[in-house]
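>>> build me a model:
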Amino acid sequence: MATLTTQVIPLTGLAIAFTNAAGGGDQCATGDGVALLVRNNDASATTVTLVTPEQIDGDLAVADRAVSVAAGATAAIPMTSRYLDPATGLASITYSKVTSLQVACIRR
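Numbering: from 1, shown residues only. Now for the predicted structure:
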């Protein structure tokens, strides 16, 4: 699992640097203004799953969030603190496939 570097967007703008999605998944920061950009250059859709470590009443797990990214599309997914894993301080992300899939973590 690779840890994505958070790219901070300055007032003058940012040329976003994408990296290939890791086969075992990735981790990134969470919080206000943080987003995961997913660029799917493949011929079919892919599903990005954000692990939700939260539990209600101490034993009822909150379902993970699955986001479908269409073929040829780029999606921006808000990385709220709901996805923060208290053990790592990061969010865990998995992908249904990583062929031609690139990601970037940005913060405004």
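>>> got the residue ranges for the strands in the chain?
2-3, 6-8, 19-20, 26-28, 34-40, 46-50, 55-56, 60-61, 65-69, 74-78, 91-95, 101-107 (DSSP state E).
>>> contact partners of the first one?
Contacting residues not belonging to strand 2-3 are listed as 19, 22, 26, 27, 28, 90 [Cβ atoms under 8 Å, 6 or more residues apart in numbering]. (Each C-beta comes from the backbone N, C-alpha and C, glycine too.)
>>> report the buried residues of stretch 18-36.
18, 21, 22, 25, 26, 27, 28, 29, 30, 34, 35, 36 (16 or more other Cβ atoms under 10 Å).
>>> the second one touches residue 99, doesn't it?
No - no contact is recorded between residue 21 and residue 99 when judged using Cβ atoms under 8 Å, the distance being 9.2 Å.
>>> still on that earlier bit, TSV for the strands of the chain, including distance to residue 85?
What follows is the strands of the chain, written out as TSV (distance: least, Cβ to Cβ, whole Å):
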stretch	distance to residue 85
strand 2-3	12
strand 6-8	16
strand 19-20	20
strand 26-28	8
strand 34-40	14
strand 46-50	11
strand 55-56	12
strand 60-61	13
strand 65-69	14
strand 74-78	16
strand 91-95	6
strand 101-107	15
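>>> now those as CSV including mean pLDDT and distance to residue 84?
CSV is the format used below for the strands of the chain (pLDDT from 0 to 100; distance: least, Cβ to Cβ, whole Å):
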stretch, mean pLDDT, distance to residue 84
strand 2-3, 96, 14
strand 6-8, 98, 14
strand 19-20, 98, 21
strand 26-28, 98, 11
strand 34-40, 98, 10
strand 46-50, 98, 11
strand 55-56, 87, 13
strand 60-61, 92, 15
strand 65-69, 98, 13
strand 74-78, 98, 13
strand 91-95, 98, 6
strand 101-107, 98, 14
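>>> fine, thanks again, bye for now.
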